[in-house]
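Q: got a structure for you, letters missing:
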């Protein structure tokens, strides 16, 4: 064959290839088409959330439990040991600001001094009053004895004189009886008054003792052994020096059991429908990228709550750690991959390969130099891919974006 014929044949082949390329390739104005092959293998669907590690078993370290009794409101924290400190039972943890209690103690001491003074004055008044009553009674008895003696010596006196002395004696006897009754009444009144004043003294003294005991409890000691972890405020920040405790919530810190840990996380309204109790979880930790522990979902909230700072509803999910690691501490940020389902040996393609037309799902399948619109039956999906139940085979190549010029091409239906 001559060189001229060979050149003509080559030119014809190049021309055909050029025409085919222009026909089946995207226009210069469009982006380059991306494709992906249909893969076969294990297919997983996971919900990935961020959470926080916490202990499921812990002891609470609290401030004084009876602040409401003394009408104390917000109590400032004056001192705290560093979070993460390892303590034993009885070790110092912190101290509360005692200024409010000191004011109450000062008032109670002043009140006690005043009541003790009243008690002493009442004692003196009672002693003097009863002494006067006893002296008056003695005088009456003395007068009565003198009158009796005069009456005895008046046997030779005129009857009128004798009668007068008898009347005088009867009156004195009656006065003595009345005076005795009055003395008994006044003595009971004085005793009651002393009891009343003494009760007030005892009450204030007891209140002062209680305040002194309360002041001692403002120094906080550990009620167990473990690692100090401070409680969070309503806004999510941890308690520190300058924070407050209230009469209704006196918790300051906890002593978590590091062998019983869980991850507390939140899922959105879409993902929460996929999460159930008993689902397996892989738990990672931002502080230790190489650590991954197995876990299991133990609780899924039925009622949502507003995410802090927004109107988005989230649902709390608790994940128990099936393993322990000495590096894991409460408060660490966790990454939770919750396995919602898994299927073995299934065909799947990226979600971008799936298109819809008149409620029919289809793909653009590459067939040699041509492109077919092929209906497919879909199965479960995850965030990246979807299972193909029918319509494609392993290693088929599908487009991830729409090729131009095929809008009117009919979709090849499933048999």
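A: Now that the structure is in, tell me what you want to look at. Owing to the predicted nature of the structure, the values given are computational and were not obtained by experimental measurement.
Q: Check for me that residue 186 belongs to a helix.
A: Yes. Counting by DSSP: H, G, I helix; E, B strand; the rest coil, one finds residue 186 located in a helix.
Q: Just give me the neighbour total for the nearest residue in space to it that is not next to it in sequence.
A: Leaving aside its chain neighbours, residue 186 sits nearest to residue 133 (5.9 Å; criterion: Cβ to Cβ, 6 or more residues apart in numbering). For every residue, glycine as well, the C-beta is placed using N, CA and C. Residue 133 has 19 neighbours, counted by other Cβ atoms under 10 Å.
Q: And residue 47, by the same measure?
A: Counted with other Cβ under 10 Å, the neighbours of residue 47 add up to 24.
Q: hmm, back to that, any idea whether the residue nearest to residue 186 is helix, strand or coil?
A: helix.
Q: any idea how far residue 139 is from it?
A: Separation of residue 133 from residue 139 (Cβ to Cβ, to the nearest Å) stands at 11 Å.
Q: Is residue 402 in contact with residue 362, as I believe?
A: No. Counting by Cβ atoms under 8 Å, residue 402 does not reach residue 362; the two are 10.9 Å apart.
Q: Which SSE is immediately downstream of the one helix or strand residue 215 maps to?
A: Residue 215 is part of helix 159-217, with elements assigned from DSSP states H and E. Scanning forward in sequence from helix 159-217 by DSSP H and E, the next helix or strand is strand 219-221.
Q: pLDDT of that following strand, averaged?
A: Average pLDDT, strand 219-221: 94.
Q: Could you list every helix and strand in contact with the very next helix or strand once past that strand?
A: Going down the chain from strand 219-221, the next helix or strand is strand 226-227, by DSSP H and E. Strand 226-227 makes packing contacts with strand 86-87, strand 251-256 when contacts are defined by 3 or more Cβ pairs under 8 Å, 6 or more residues apart in numbering; DSSP states H and E.
Q: returning to that earlier point: could you tell me the per-residue confidence at the residue nearest to residue 186?
A: Reading off the model, residue 133 has pLDDT 87.
Q: just residue 119 next, same as before
A: Predicted confidence (pLDDT) for residue 119: 89.
Q: Contacts only, for it.
A: The neighbours of residue 119, taking Cβ atoms under 8 Å, 6 or more residues apart in numbering as the test, are 194, 197-198, 201.
Q: filter those residues to the buried ones?
A: The neighbour count (16 or more other Cβ atoms under 10 Å) marks 197-198, 201 as buried among the contacts of residue 119.
Q: Spit out the residues that contact residue 402 and residue 362 alike.
A: Joint contacts of residue 402 and residue 362 (Cβ under 8 Å, 6+ apart) are residue 355.
Q: Look at the two and report which has more neighbours.
A: The neighbour comparison of residue 402 against residue 362 (other Cβ under 10 Å) goes to residue 362, with 21 against 14.
Q: host element of that one?
A: Counting by DSSP H and E, residue 362 is part of strand 360-367.
Q: in that strand, what counts as buried?
A: Residues of strand 360-367 classed as buried by neighbour count (16+ other Cβ under 10 Å): 361-366.
Q: Likewise for stretch 269-279?
A: 271-272, 275, 279.
Q: Which residues are in contact with residue 229?
A: Residue 229 makes contact with 55, 58, 83-84, 253-256, 329-331 under the criterion Cβ under 8 Å, 6+ apart.
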